[in-house]
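Participant: what follows is a predicted protein model with its sequence.
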Amino acid sequence: AVGPLPASIKRSLTWDCGAEMALHKDITATGLPVYFAHPHSPWERGSNENLNRIVREYLPKGTTITSDPHYLAAIAAEINDRPRKIHDWKKPSEVFTELLESDASTA
């Protein structure tokens, strides 16, 4: 998913130490550094914890998560269309577009 993004946006990635990262070497092979938060240290991944709270509104714990890409994309689109305080009440989708446009104008 990060492949087509400009290099200026792909600086690093920090993830939990869960089983979903068993194949992290596939990601680091692309040149993207992957960092793992220390166990039981949620302050090391504050944005992640906040996003987890929002995702749980759509997919409560214990819910079987479908692999339907259209359904998951619809959830992601809704989440990215919600204004966030951390972005001065801009939507994540707006901030991302600004980043892409800024990168394109400096290229």
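Facilitator: That came in fine, so what should we check first?

Participant: run a quick neighbour tally on Pro42.
Facilitator: If you count neighbours by other Cβ atoms under 10 Å, Pro42 ends up with 12. Any C-beta I mention is one placed from the backbone N, CA and C, and that applies to glycine too.

Participant: give me phi/psi at it?
Facilitator: phi -60, psi -20 (degrees, to the nearest 10).

Participant: phi, psi for the residue nearest to the spatial centre of the chain please.
Facilitator: Most central in the chain under Cα atoms, centre = their mean is Asn48, positioned 7.6 Å from the mean C-alpha point. Dihedral pair for Asn48: phi -60, psi -40, per degrees, to the nearest 10.

Participant: tell me the contacts of Ala1?
Facilitator: Ala1 sits next to no residue when contact means Cβ atoms under 8 Å, 6 or more residues apart in numbering.

Participant: show me where this protein has its strands.
Facilitator: Ranges of strands in the chain, per DSSP state E, are 13-15, 34-36.

Participant: so how far is the last one off the chain centroid?
Facilitator: Right, the one you point to is strand 34-36. With Cα atoms, centre = their mean, to the nearest Å as the basis, strand 34-36 stands 13 Å off its chain's centre.

Participant: adjacent strands (with direction) for it?
Facilitator: Next to strand 34-36 in the sheet, as set by DSSP bridges, lie strand 13-15 (parallel).

Participant: how far off centre is the strand it pairs with?
Facilitator: Centre-to-centre, strand 13-15 and its host chain are 9 Å apart (Cα atoms, centre = their mean).

Participant: so what touches that strand?
Facilitator: 2, 21, 24, 27, 32-37, 44-45, 48.

Participant: run the last query once more with 7 Å
Facilitator: Contacting residues not belonging to strand 13-15 are listed as Met21, Ile27, Leu32, Val34, Tyr35, Phe36, Ala37, Arg45 [Cβ atoms under 7 Å, 6 or more residues apart in numbering].
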